[in-house]
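Asker: any chance you can model this:
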Amino acid sequence: MKVNKITALRLMLSITMIIGLASCSKKSSSKNSSRATGWNVDRKKASDGKKQIAGPGLVFVEGGTFTMGKVQDDVMHDWNNTPTQQHVQSFYMDETEVTNFMYLEYLDWLKSVFPPSEDNYKHIYEGASPDTLVWRNRLGYNETMTNNYLRHPSYADYPVVGVNWIQAQEFSKWRTNRVNEAILEKNGYLKKNAKTDEVDAESVFDTETYINSPTSSYGGKNETVVLKKSNGRQAKGTEQKNVYAQRSSGIILPEYRLPTEAEWEYAAAADVGQREYNIYKGQKKYPWSGSYTRSGKRQNRGDQLANFKQGNGDYGGIAGWSDDGADITNAVKKYPANDFGLYDMAGNVAEWVADVYRPIVDKEANDFNYFRGNRYTKNKIGEDGKVEIVTLETMKRDTLSNGKIIVRSFPGEIAQVPVDENETYLRQNFDKSNNINYRDGDKQSSIYYDFGSSETDNLKEDKAMYNSPKHNVTTDSLGLMVRKYDKSSKRTTLINDDVRVYKGGSWRDRAYWLDPAQRRYFPQDMATDYIGFRCAMSRVGPKAEKRKSARN
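Answerer: Have a look, this model is predicted:
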């Protein structure tokens, strides 16, 4: 009898505990309860927040693995295109190259905000303008393109050329700010028409400045930056607070930028449309399927799938039945898109990518989001403990090798400085700000480096791995150009930290260069009539929207 009472008591305790646990479980799984603490929180902000939208002009590229490098027709068999297996995260990329019309929008904005007629701004508009003289040829008549290609409406939808790598970078920064400025205005965080009304050189919007110091935006014009009521649920008895938009708001987009070489090649190859095992072997020769440059589809059989040079003196075929419909560049979207929905990833113009050129892609060092060119910086903090904002007096200007002056930091931006030992101390993943030469170009990777010698001996210039010419072009106190060219006979290469990779064939190139794996390099401060660019944007959140997450 006693045993039965004890058993019954245990049974009642077990039932009570189960009910209690179920109650706790129900409470902790409540929509507004934290799974970490059980406290009431704004879970809408944490888990049901806004998903990233594609910025203007961008299409989604789902990441994955691919063979980066040349496999077919590698007649040179050099290190430049050695195949490596790489993985790229999902990202967004411009559907087309940046066009003349898009770039003119940038130039018109600069001209309006920084009038070239004023001495303080005279280099800004000129420094951003494409070099239209790239069309000239000693033995060719191309003045029509020199005078008309950039600005004539007939060429509005043609890819912009004559833009060097630095100018492409600056365009990307400008585009980031204008897009985010429009988004914040649309969502009520900026005064209506803030992006157009009374904007001058001292009151320009910058995304990072708004995030880090909202009251410093627009030159400190606080009436332009709006405090908005939080739309999240508040705990009982608490008052709704006024807030600025932050990254946690989910509406501010990541920056527009140049794609990395790995991203560009992955997007151009578009293996997503080829459900065969050999994609891992890198057997795809062009952005489209097949081994030929002509279409095999019935409705347009025989049509060329890209704009390129087909032979000596043949840039477009015979009049009346032109092979590719163009002699120089062509308007964007004139040829079929690849399986990611990207146009002109072969032909038309070659394109700048973000990477500094080196002959070898170092898969042993990294095979995930590969990129060579990292320079880590941080916000400059003033003596008052606040971020330091660039002013008209502290704008950073670069003098290029051709004497052109380009402004690299504008009023309203946060001044940047290299990271130091405060960020690198005891880190395993990086140990300095400038990582361009890591394992290929730094002193220790040179065959001339002597581990037994003193540091002074190893720092001698003639022991550098890439012994390229070092020209020095500056301006004196009167603004006159001072050119000192390196005429040393000891120089052995043109590779240095200022040459960038460009990808894809152009209207000037033979079909050999249409392969996405092909890679060439060009000085970052020089431009041509066959190199353009397109922008990319990183993807935040899930790799793809298609697959549902596994839930119990």
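
Asker: alpha carbons only: can I get stretch 503-521 in PDB?
Answerer: The C-alpha coordinates for stretch 503-521 follow below in PDB (Å, rounded to 0.1, in the frame of the first residue of the first chain):
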ATOM      1  CA  LYS A 503      38.700  40.100 -67.800                       C
ATOM      2  CA  GLY A 504      36.800  39.200 -70.900                       C
ATOM      3  CA  GLY A 505      37.400  39.800 -74.600                       C
ATOM      4  CA  SER A 506      36.500  43.000 -76.300                       C
ATOM      5  CA  TRP A 507      35.600  44.300 -79.700                       C
ATOM      6  CA  ARG A 508      39.300  44.500 -80.400                       C
ATOM      7  CA  ASP A 509      40.100  40.900 -79.400                       C
ATOM      8  CA  ARG A 510      40.000  37.600 -81.200                       C
ATOM      9  CA  ALA A 511      37.700  34.800 -80.000                       C
ATOM     10  CA  TYR A 512      40.600  33.300 -77.900                       C
ATOM     11  CA  TRP A 513      40.100  36.000 -75.300                       C
ATOM     12  CA  LEU A 514      36.300  35.400 -74.900                       C
ATOM     13  CA  ASP A 515      37.000  32.600 -72.500                       C
ATOM     14  CA  PRO A 516      36.000  33.700 -69.000                       C
ATOM     15  CA  ALA A 517      39.300  32.300 -67.600                       C
ATOM     16  CA  GLN A 518      41.500  34.600 -69.600                       C
ATOM     17  CA  ARG A 519      43.200  37.200 -67.500                       C
ATOM     18  CA  ARG A 520      45.400  40.200 -68.400                       C
ATOM     19  CA  TYR A 521      46.600  43.300 -66.600                       C
END
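
Asker: numbering from 16 from now on, please.
Answerer: Yes, from this point I'll number from 16; that puts the last item at stretch 518-536.

Asker: in it, which residues are buried?
Answerer: 518-524, 526, 528-534, 536 (16 or more other C-beta atoms under 10 Å). Heads up, the C-betas are built off the backbone N, CA and C, glycines and all.

Asker: and what of stretch 447-466?
Answerer: Applying 16+ other C-beta under 10 Å to stretch 447-466 flags 447, 448, 450, 451, 452, 453, 455, 456, 457, 458, 461 as buried.

Asker: of those residues, which pair is most distant in space?
Answerer: 448 and 461 (20.8 Å; C-beta to C-beta).

Asker: below-threshold pLDDT in the stretch 266-415 of the chain: ranges please.
Answerer: The stretch 266-415 of the chain contains residues with pLDDT under 70 at 288-298, 313-314, 317.

Asker: can you show me the helices along it?
Answerer: 276-284 (DSSP state H, counting those that start in this stretch).

Asker: so the residue nearest the centre of the chain bridges to which residues?
Answerer: For the chain, residue 272 is the residue whose C-alpha lies nearest the centre (C-alpha atoms, centre = their mean; 2.4 Å). Taking DSSP bridges as the rule, residue 272 bridges to residue 551.

Asker: distance of it relative to residue 483?
Answerer: 26 Å (C-beta to C-beta, to the nearest Å).

Asker: do residue 349 as well
Answerer: For residue 349 relative to residue 483 (C-beta to C-beta), the value is 39 Å.

Asker: give the burial count for residue 503, as a bare number.
Answerer: Residues contacting residue 503 under the criterion other C-beta atoms under 10 Å number 11.

Asker: is it in contact with residue 484, as I believe?
Answerer: Yes: the pair residue 503 / residue 484 is scored as a contact, 7.1 Å apart, by C-beta atoms under 8 Å.

Asker: who are the packing partners of the longest strand along the chain?
Answerer: Criterion DSSP state E: the longest strand present in the chain is strand 365-371. Taking 3 or more C-beta pairs under 8 Å, 6 or more residues apart in numbering; DSSP states H and E as contact, the helices and strands that strand 365-371 lies on are helix 276-284, strand 514-518, strand 546-547.

Asker: need the mean per-residue confidence for the second one.
Answerer: Per-region confidence: strand 514-518 scores 98 on mean pLDDT.

Asker: again with the last one
Answerer: Strand 546-547 carries an average pLDDT of 98.
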